[in-house]
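Q: What would the 3D arrangement of this be:
(one chain, ligands or ions: 3)
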Amino acid sequence: MDWLKTTDPDFERRFARIVDDRRESDEDVAHVVRDIIAKVRAEGDAALSRLTDRYDHHDLDKDGWRIDAEACKAAFDALAPDLRAALELAASRIRAYHEAQLPADRDYTDDAGVRLGARWTAVDAAGLYVPGGRAAYPSSLLMNAIPAKVAGVERLVVTTPTPRGQMNELVLAAAHLAGVDEVWRIGGAQAVAALAYGTDTIERVDVITGPGNAFVAEAKRQLFGVVGIDMVAGPSEILVISDKKSDPDWIAVDLLSQAEHDPTSQSILITDDAVFAAEVEDAVDVACAQLSTKTTARASWDDYGVIIVVEDLLEQGVALANRLAAEHVELAVDDPEAFFAKLRHAGSVFLGRHTPEAVGDYVAGPNHVLPTGRRARFSSGLSVLDFMKRTSFIALDKASIAAIGPAAVAMAEVEGLPAHAKSVQVRLK
Ligand SMILES: NC(=O)c1ccc[n+]([C@@H]2O[C@H](COP(=O)([O-])OP(=O)(O)OC[C@H]3O[C@@H](n4cnc5c(N)ncnc54)[C@H](O)[C@@H]3O)[C@@H](O)[C@H]2O)c1
Ligand SMILES: N[C@H](CO)Cc1c[nH]c[nH+]1
Ligand SMILES: [Zn+2]
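A: Ligands and ions are numbered 1, 2, ... in the order given. All right, here's what the predicted structure looks like:
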């Protein structure tokens, strides 16, 4: 864990190193992923089978490639009542939030008499990556599938690893609840490649969404263009801005809540009180030792955890947070609105001491699939729009082409494109 004070003479150098650190996307990962993608593209199912054996340690031909709809329904029917209620609450809150994102078509006629507009349509098929290496993520299934359904996607294809052949019943139950069409027992970069290129067994999709570890995130990054993607959503991150009035035990578990996802996750505390910072550090040690996920959480905190003590939390603290552009930012202060007003770069923001990030992971409603690795500077969380595209349209008649056509002819001529000019001119006669 790194301790920084803005008053340290080498603060700027050390902070800049943290901002620029590409935690998960190093050259080794990129190289491994490139190789996996090439193998899946060239060999299809045979590569999927071999890579699943190598990384997830089971035999697809023996265990089955696909989980059928009956198994998903059976898992849903077998849910304990409290878990079923929790999944249903999460699903209905996620659905309500995302339904409000549906965009409106445009269709109008401007002053020149030109009819213009745009029509939104869903992609035909979406590949939804549901992580499953270290933990199981039924919540991520809902976060992927519900916006896709709201958008009107016809074919929803889930891929998820089943390490050592172990299926997670809650993931299957969530697939039934969300109305997923296909569930494939494949994870990692090989799953992303199969969705992008298709194989004899798995038909390709148009867009791939969802979170995952460094290999999954890098595969999506490399395959963007072959297929649409939502954004690069890799190992989780949390940045907590807190004054000394917060309970150190609360802040410690908030930091650990993201550290426990992955050894390359990152948890950062920014505070203006060094004593409070030390209390949180101690509380992290105590809380971490009690977690079943302590090995992962400890590794993440030791290698990538950061505590930054600033002189002025509102001005300096938020300025640093903007440079970090973290996936999640908690504002554990008396007046979170004042901080929120200055915060421009973050995937999702949690306002006030009673808003733990973990509630957003499950039941609040906004999507938990969010950009990581400082990418909140230019990307947003998963939304209904990631499953849709916009087609613009133009309609002219004799009068309106006469109004705007000559300008097009003039521009085509200076661009040296005579066929363009002619195709307008012939209609002006
Ligand atoms: N940013 C977000 O929105 C968000 C949301 C939820 C989860 N997450 C992140 O998702 C990740 C889940 O990770 P996970 O590991 O539990 O599951 P995962 O499904 O993402 O990854 C497991 C797969 O990784 C591949 N893999 C593992 N080691 C490999 C290696 N050495 N070489 C090549 N491939 C390898 C395997 O194929 C395996 O199937 C975490 O990093 C978590 O923080 C992010
Ligand atoms: N915190 C993760 C996004 O980074 C989402 C998640 C799912 N389950 C628990 N957490
Ligand atoms: Zn989480």
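
Q: Can you tell me what sits against stretch 351-362?
A: Residues from elsewhere that reach stretch 351-362 (C-beta atoms under 8 Å, 6 or more residues apart in numbering): 86, 90, 139, 238, 246, 250, 254, 257-258, 328, 330-333, 336-337, 340, 348, 350, 366, 368. No exception for glycine: its C-beta is placed from N, CA and C like everyone else's.

Q: Please state the offset of it from the chain centre?
A: 17 Å (C-alpha atoms, centre = their mean, to the nearest Å).

Q: touching ligand 2 at all, that stretch?
A: Yes. Using C-beta under 6 Å from any ligand atom, we find that stretch 351-362 touches ligand 2 at residue 361.

Q: Ends of that stretch, what's the gap?
A: Start-to-end span of stretch 351-362 (C-alpha to C-alpha, to the nearest Å) is 16 Å.

Q: Averaged pLDDT, it. What do you get?
A: Averaging pLDDT along stretch 351-362 yields 98.

Q: That one near ligand 1 anywhere?
A: No. Between stretch 351-362 and ligand 1, judged by C-beta under 6 Å from any ligand atom, nothing touches; the nearest distance is 7.6 Å.

Q: Just the buried positions in that stretch, please.
A: Across stretch 351-362, burial judged by 16 or more other C-beta atoms under 10 Å covers 351, 353, 355-358, 360-362.

Q: Tell me which two in those residues are the farthest apart.
A: For the buried residues of stretch 351-362, the maximum inter-member distance is 19.0 Å, found between 353 and 362 (C-beta to C-beta).

Q: Using JSON lines, lay out the buried residues of stretch 351-362 together with secondary structure.
A: As requested, the buried residues of stretch 351-362 are exported to JSON lines (DSSP: H, G, I helix; E, B strand; the rest coil):
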{"residue": "351", "secondary structure": "strand"}
{"residue": "353", "secondary structure": "coil"}
{"residue": "355", "secondary structure": "coil"}
{"residue": "356", "secondary structure": "coil"}
{"residue": "357", "secondary structure": "helix"}
{"residue": "358", "secondary structure": "helix"}
{"residue": "360", "secondary structure": "helix"}
{"residue": "361", "secondary structure": "helix"}
{"residue": "362", "secondary structure": "helix"}
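
Q: and residue 94, what does it touch?
A: Residue 94 makes contacts with 142-143, 146-147, 365, 367, as judged by C-beta under 8 Å, 6+ apart.

Q: secondary structure element for it?
A: Under the criterion of DSSP states H and E, residue 94 resides in helix 81-99.

Q: related to what we said a few turns ago, from the buried residues of stretch 351-362, pick the one nearest ligand 1.
A: residue 361 (7.6 Å; C-beta to the nearest ligand atom).

Q: Point me to the residue of the stretch 51-200 of the chain nearest ligand 1.
A: Closest point on the stretch 51-200 of the chain to ligand 1, by C-beta to the nearest ligand atom, is residue 188, at 2.2 Å.

Q: And the closest residue to residue 212 other than its chain neighbours, how far from ligand 2?
A: Spatial nearest neighbour of residue 212, chain neighbours left out: residue 131 (4.9 Å); criterion: C-beta to C-beta, 6 or more residues apart in numbering. Relative to ligand 2, residue 131 is positioned 8 Å away (C-beta to the nearest ligand atom, to the nearest Å).

Q: Next: residue 428.
A: For residue 428, the distance to ligand 2 - C-beta to the nearest ligand atom - is 57 Å.

Q: Tabulate the contacts of residue 94 (CSV), appending secondary structure, neighbour count and distance to residue 270.
A: Output for the contacts of residue 94, formatted as CSV (DSSP: H, G, I helix; E, B strand; the rest coil; neighbours: other C-beta atoms under 10 Å; distance: C-beta to C-beta, whole Å):
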residue, secondary structure, neighbour count, distance to residue 270
142, helix, 25, 31
143, helix, 29, 27
146, helix, 27, 33
147, helix, 31, 31
365, coil, 15, 27
367, coil, 28, 25
